[in-house]
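Q: pasting the sequence and the predicted coordinates here, then a few questions.
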Amino acid sequence: MMSKMGCHVVLLVLLLIKVNLAMVLDDEATVFTSYSLPKDRKFMATVGNGYVATTVYSDTIFMNGLFNGEGGASHRARIPATVSVTVNLDGSTIQSYALDVARGVFSHTIQSEVANVQQRTYAHQFYSRLLVTEITVNRTDAMATREAEPIRVDLKSNMGGPSDDVEFHDGPDFQGGKYMLGKIKTPELKGGDKPIVHVVWTPVPDNITLPADQSSQTWTFITSISSNQKEAEQFYHVGTNLAGKGTLYTNHTQSWLKVWEEGRIETTGNLQLQQAIYGSLYYILSSLPPLNAPKDFEFFGVSPGGLANGKYQADYQGHIFWDQATWMYPPILLLHPELGLSMLESRTRVLDAAKDNARKRGYNGAMFPWESAYTGHEVCPAPGPLKYEHHVTGDIAFAAQQYILSTMDVNFLLYKKGYDFITSMAQFWASRTQYDDKKKKYVIRAVMPPDEYHENVDNSVYTNIVAMYSLSFASKIAKLLGKSPPSNWTDIVDNMYIPFDKTKQYHPEYEGYNTNIQVKQADVILLGYPLLYNMSEQVYRNDLTIYERVTDVKGPAMTWGIFATGWLQLGNITKANSLFARNYKNIQEPFKVWTETSFGAGAVNFMTGMGGFLQAVLNGYGGIRLQETQLDYHPTLPADTTNFNIIGLDYRRNKLNFEADCNQIRVTLTRQDKGHQQLTLKVKATGQEHVLQPGVPVVFSRGAASIFPKTTL
């Protein structure tokens, strides 16, 4: 443990560094370097921008919303990897590989006696239809170029064979680039649409040569992909023009740095933690639309493996689950609310399909499928979850609730299907519940809870609570907009059956559960966080203790972050640190790729686990709680750290920096956007209140504080 004097010395150094920060991120924390590639290539780094993505050196590119296969066979459709190139230089002495998450680029560097070669691969963060590989050859002795020999670099295209998913046909070349048009082979629904994809790309030669009279040269290979031919050609044209001017790469990196400037999490002293934070944020953000995405960017959602994974019978085939709403969405919402909205709109986009799903199942309103892909209809290939795992509709409703509490975006409610979206999910739950005469309560029978080891159970405590929340929230939104919600919604909320064992003072996972039954993953413990369900500290402690003992250690990654968050809330920092440390077992080196399980099995790159990890950092150690009437903040420094900063947290259109060190907290309002609400900070220990003003920090001793907006629900 660091002494207080040591902490102060480190903090003084940090203050001197921060004077010149201006968005210069620490390379040690953001550049993951290795002198070899992972033996198992599924642990390779990925690059993406929410529209296109690829695993580096693979033969596959995936495109947002492009799926092939009927029903449960629907999966991301493979596009041959026109941008995938392996570089070789005879006589090379040192080779290194690096994923730079600050700039969103993967690089391969080769050093030899005659030349240094650098290959950079990236999905452009501004021009989102572009994937790029740049190869720069630098002669080691530039002064001797007149007497030098030409330098040849061998290239190997990893484009792979024809796609099994898309039937491509070659078209006429465009501005020196090859062109192909493809249509998926099998639609998701019988007789449904077959999405089209257009690809324009720079052909890769067998080799490139630096002439004897040149000291340096860069070759740029561009792939432009779109569902629209004109757009694919336009982006290719722009890309080649910018490459010719030498600004294509800098435009990309500046766009990524803008993302980090808008919102990030910083820690000092624990490099492993900081790398895991940046890596997790990078991988999730690279599967989301760019910050500058046009309004017509149609986003289909984030799957557990992100946009770079999802082939047939692997990585959940690119399907969208509760994982997006419950695990990946909360940290993104707080740091980048516009991207949080994109995640919500991936569901409002398919609201009609959810209504159709409910109607076919005999319910009212909108029932979202357990697995969704292109059409928004059910594509789950597993019979148990397909039939019973209904809590996903409650998870999505809770995500909508978090969005409104964070932003008070009435425009979303009135003009972006928000009101219909929220009330339709409530209508589903109202029809899904039944009144039990013996219990004198409303019940929900025949479900599968988040714990997927048990199906067809009655009264999952988690499911019943998210259903209750959905109905309660929809009622408040209706009243906010001057509408009258159905009277039975309030009755259901007031009389929902919530399983509780009065003797053992804990919440059984479902009716009939006993404490010797193993569970797969975080389930009941989600009541404390993120649901913030009202219970005593003793009950919360009992839930955490009982379910830690019976949770399968081989279960999915996100579980232990939620346990850690619960113990932090209860003040048991030692216990929290121990459980939080289990997250690192799921991070595969050298490029910080997450796996679903700690022994490397399951989905890759497991963004669900990243989301749980980031929530443990932001909401666990950060102590951030998005309440109905305020935002709570009560930080705890993670193990081996001296500084813990949340930069650019967005609350009610205000950008806030929360900076905590060994002794004190500094909260600064850095920006107010259009439609912002006035915020007041109240320090719990002293009761002092401070009206937050732009650029004026509020400093107080370490402890709890709350921020109150001008208006609430």
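A: Looks like it arrived, so ask away.
Q: in the stretch 501-650 of the chain, which spans are helices?
A: Counting by DSSP state H, counting those that start in this stretch, the stretch 501-650 of the chain has helices at residues 537-550, 559-569, 573-580, 607-615.
Q: ok, now which ones touch the residue nearest to Lys42 when sequence neighbours are not counted?
A: Excluding its sequence neighbours, the residue lying closest to Lys42 (C-beta to C-beta, 6 or more residues apart in numbering) is Val604, at 5.0 Å. Heads up, the C-betas are built off the backbone N, CA and C, glycines and all. Applying C-beta atoms under 8 Å, 6 or more residues apart in numbering, one finds that Val604 lies in contact with Lys42, Phe43, Gly305, Asn309, Asp315, Val593, Trp594, Thr595, Glu596.
Q: can you pull up the bridge partners for Val604?
A: Each beta-bridge partner of Val604 is listed here: Thr595, as defined by DSSP bridges.
Q: the biggest helix by length in the chain versus helix 537-550: what angle between them?
A: When every helix of the chain is counted residue by residue (DSSP state H), the longest turns out to be helix 461-480. Going by axes from the mean of the first three to the mean of the last three C-alpha atoms, to 10 degrees, helix 461-480 is angled at 130 degrees with respect to helix 537-550.
Q: so which bits of helix 461-480 are buried?
A: By neighbour count on 16 or more other C-beta atoms under 10 Å, the buried set for helix 461-480 is 461-475, 477-478.
Q: what do you get for stretch 652-669?
A: Neighbour-count burial for stretch 652-669, counted by 16+ other C-beta under 10 Å, picks out 652-662, 665, 667-669.
Q: what's the pLDDT at Met23?
A: You'll see Met23 listed with a pLDDT of 54.
Q: biggest separation within the buried residues of stretch 652-669, which pair?
A: Set against one another by C-beta to C-beta, those have their most distant pair in Arg653 and Cys662, with a gap of 32.0 Å.
Q: tell me how far the residue nearest to Lys42 lies from Arg41.
A: The gap separating Val604 from Arg41 is 10 Å, by C-beta to C-beta, to the nearest Å.
Q: same check on Val204?
A: Counting by C-beta to C-beta, the gap from Val204 to Arg41 is 20 Å.
Q: who has more neighbours, the two?
A: When Val204 and Arg41 are compared for neighbours, Val204 comes out ahead with 22 against 11, by other C-beta atoms under 10 Å.
Q: which non-adjacent residue is nearest the more buried one?
A: The nearest residue in space to Val204 (C-beta to C-beta, 6+ apart) is Ser157, at 4.3 Å.
Q: so where's this protein shaky on pLDDT?
A: Counting by pLDDT under 70, the chain contains low-confidence residues at 1-24, 142-146.
Q: domain map for it?
A: The chain breaks down into these domains under automatic domain parsing: 35-261, 350-552, 643-709.
Q: columns distance to Asn619 on top of these, output as JSON lines?
A: Converted to JSON lines, those look like this (distance: least, C-beta to C-beta, whole Å):
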{"stretch": "domain 35-261", "distance to Asn619": "20"}
{"stretch": "domain 350-552", "distance to Asn619": "6"}
{"stretch": "domain 643-709", "distance to Asn619": "10"}
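Q: what's the closest of the ones you listed to Thr608?
A: That would be, of the domains of the chain and by C-beta to C-beta, domain 350-552, which comes in at 9.8 Å.
Q: next one: Leu614 from Ala276, what distance?
A: Here the distance between Leu614 and Ala276 works out to 9 Å (C-beta to C-beta).
Q: those two - which one has more neighbours?
A: Residue environment comparison for Leu614 versus Ala276 gives the larger neighbour count to Leu614, 28 against 23, counting by other C-beta under 10 Å.
Q: please identify the helix or strand for the residue nearest the centre of the chain.
A: Closest residue to the average C-alpha location of the chain: Ile284 at 3.3 Å, with C-alpha atoms, centre = their mean. Ile284 belongs to helix 271-285 when elements are defined using DSSP states H and E.
Q: mind checking how far the strand or helix carrying Tyr236 is from the chain centre?
A: Tyr236 is part of helix 229-245 when elements are defined by DSSP H and E. Computed by C-alpha atoms, centre = their mean, to the nearest Å, the chain-centroid distance of helix 229-245 equals 29 Å.
Q: one more: stretch 572-588?
A: Remark: stretch 572-588 is offset 20 Å from the chain centroid, using C-alpha atoms, centre = their mean.
Q: repeat that for stretch 695-713.
A: Here the centre of stretch 695-713 is set off from its chain's centre by 27 Å, with C-alpha atoms, centre = their mean.
Q: and the end-to-end length of that stretch?
A: 28 Å (C-alpha to C-alpha, to the nearest Å).
Q: in it, which residues are buried?
A: Of the residues in stretch 695-713, those buried (16+ other C-beta under 10 Å) are Val698, Phe700, Ala705, Ser706, Ile707, Phe708, Pro709.
Q: then stretch 194-213?
A: With burial defined by 16+ other C-beta under 10 Å, the residues of stretch 194-213 counted as buried are Pro195, Val197, His198, Val199, Val200, Trp201, Thr202, Val204, Ile208, Leu210.
Q: you'd agree the second one is up against Ile225?
A: Same thing as Val197. Yes. Using C-beta atoms under 8 Å, Val197 is in contact with Ile225, at 6.4 Å.
Q: which neighbours do the two have in common?
A: Residues touching both Val197 and Ile225 comprise Met63, Ile79, with contact defined as C-beta under 8 Å, 6+ apart.
Q: just say helix, strand or coil for the residue nearest to Leu37 when sequence neighbours are not counted.
A: Of all residues beyond its chain neighbours, the one nearest Leu37 is Tyr97 (6.1 Å), with distances taken as C-beta to C-beta, 6+ apart. Three-state assignment for Tyr97 (DSSP: H, G, I helix; E, B strand; the rest coil): strand.
Q: how close does Tyr97 sit to Glu113?
A: Where Glu113 is concerned, Tyr97 sits at a distance of 21 Å (C-beta to C-beta).
Q: verify the contact between Ser303 and Ala314 for me.
A: No. Contact status for Ser303 versus Ala314: not in contact, 11.2 Å apart, counting by C-beta under 8 Å.
Q: more crowded one of these two?
A: Between Ser303 and Ala314, counting by other C-beta under 10 Å, Ser303 is the more crowded of the two (28 against 15).
Q: pop out the phi and psi values for that one.
A: Its backbone dihedrals place Ser303 at phi -90, psi 170, with angles given as degrees, to the nearest 10.
Q: contacts only, for the closest residue to it other than its chain neighbours.
A: With C-beta to C-beta, 6+ apart as the criterion, Ser303 has its nearest non-adjacent residue at 4.7 Å, and that residue is Gly318. For Gly318, the contacting residues are Phe62, Phe67, His75, Arg76, Ser303, Gly305, Leu307, Asn309, Gly310, Lys311, Ala373, by C-beta under 8 Å, 6+ apart.
Q: how near is Gly318 to Leu335?
A: 24 Å.
Q: same check on Asp451?
A: When C-beta to C-beta is applied, the distance between Asp451 and Leu335 equals 29 Å.
Q: please apply the same query to Met558.
A: In this structure, Met558 and Leu335 are 18 Å apart, going by C-beta to C-beta.
Q: the two: which has the busier surroundings?
A: Set Met558 next to Leu335 and count neighbours by other C-beta under 10 Å: Met558 wins out with 29 against 25.
Q: shouldn't the more buried one be in contact with Ala603?
A: No. Met558 lies out of contact with Ala603 (C-beta under 8 Å); the separation is 11.5 Å.
Q: shared neighbours of those two, anything?
A: When contacts are counted by C-beta under 8 Å, 6+ apart, Met558 and Ala603 are jointly contacted by no residue.
Q: which parts of the stretch 251-400 of the chain are strands?
A: All strands of the stretch 251-400 of the chain, identified by DSSP state E, counting those that start in this stretch, fall at 264-268.
Q: the helix holding Ile284 vs helix 607-615, what angle?
A: For helix 271-285 against helix 607-615, the angle between stretch directions is 130 degrees (the same axes, to 10 degrees).
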